[in-house]
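1. Here's a sequence, model it:
(one chain, ligands or ions: 2)
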Amino acid sequence: MLNISETLPSPPFRSADPLLQPLWDHLCLHHRSLVSSPFFVVVLAFSSYFFFSLPFAVLDLLGDRVPFFHKYKIQPDRQPTLGMMVKSFMTALFNHMFFVLPAVVVGTLFLPAPTLPKQAPHLYELLTESLASLLLFDTQYFIWHYMHHKNTQLYRWVHAVHHEFMAPFSWSTEQLSIPELMTVGFWSNMDPLLLQCHPMSIWFMTVFSLWMSVEDHIGYDLPWALNRLVPFGLLGGAPAHDMHHQKPSSNYAPFFSHWDRIFGTAVTLKTKTRK
Ligand SMILES: [Zn+2]
Ligand SMILES: [Zn+2]
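-> Ligands and ions are numbered 1, 2, ... in the order given. Next up is the predicted model:
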């Protein structure tokens, strides 16, 4: 679904990144047809979603038979069933097959064919471009999300699908209505182009944001999760988003916590003392 702009800048007089340039050269030389395909980012996104979600689905099915993980379950009394998981996964698969992929096909008719610049980004460029894209998306989704909870009709027809389950689980990450999925997909496509991100930054950001989204929904308050590793509570993570599913007038931002703090909608999960 993501299309790589033909006009991506590649400054002529700068040294190559020692880490990323060999990787970029390899991809461009040996996998050019794959990575320049407009379908590449869709496949990358869906496969990331699948492989990030799968281990947590197994953990959910094992439940308290794996006490090491089960003790971190945020809502231990609400365990997802296999039927709930299949339903959520099939919704995501159906939406991708019948809406996302056709949208990419239509995009190829109107947008220029993707091309790849010769130079890889520097690592700091990849990180700053990814962070900028995440911050922009976080702001857009915060506003969209707030509006869809305040307006009854918008909630009912667009966002309610995502709130079917009060206790989120990994596969429920992409249990979205078609309008919500298309809106999220549109921003995910357009923001990196607007910010003139390198294709490598786009791919990194796609995988990383998928991980953050899945982590939001895993239903486990893991001590090594990103929101625990990043200081000052800058990221909401599973505790914040789990609370949003329990108390939908709170924690509207998908990744960061600053907008909810500024607008007074941040609600902290009361965590139990764990042994
Ligand atoms: Zn959610
Ligand atoms: Zn919501």
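2. quick one: the helices in the stretch 1-150 of the chain?
-> In the stretch 1-150 of the chain, helices defined by DSSP state H, counting those that start in this stretch lie at 20-30, 32-35, 40-62, 67-70, 82-95, 101-110, 123-150, listed in chain order.
3. Nearest approach to T265 belongs to which of those?
-> With distances scored as Cβ to Cβ, the stretch of those nearest to T265 is helix 123-150 (7.7 Å). C-beta here means a position set from N, CA and C on the backbone, and glycine is covered the same way.
4. Can you work out which other helices and strands pack against the closest one?
-> Contact here means 3 or more Cβ pairs under 8 Å, 6 or more residues apart in numbering; DSSP states H and E; on that basis helix 123-150 packs against helix 178-194, helix 199-217, helix 258-262.
5. and with 6 Å instead?
-> Other helices and strands packing on helix 123-150, by 3 or more Cβ pairs under 6 Å, 6 or more residues apart in numbering; DSSP states H and E, are helix 178-194, helix 199-217.
6. The residue positioned nearest the centre of the chain: what's it in contact with?
-> Residue closest to the mean C-alpha point of the chain, counted by Cα atoms, centre = their mean, is L210 at 3.1 Å. The contact partners of L210, by Cβ atoms under 6 Å, 6 or more residues apart in numbering, come to A45, S48, Y49.
7. Surely the second one touches V207?
-> This points to S48. Yes: at 4.8 Å, S48 counts as touching V207 under the criterion of Cβ atoms under 6 Å.
8. quick one: the lowest-mean-pLDDT helix or strand in the chain to helix 82-95, angle?
-> When the helices and strands of the chain are compared on mean pLDDT, DSSP states H and E, helix 101-110 comes out lowest with a mean of 88. Direction vectors for helix 101-110 and helix 82-95, defined by axes from the mean of the first three to the mean of the last three Cα atoms, to 10 degrees, enclose an angle of 20 degrees.
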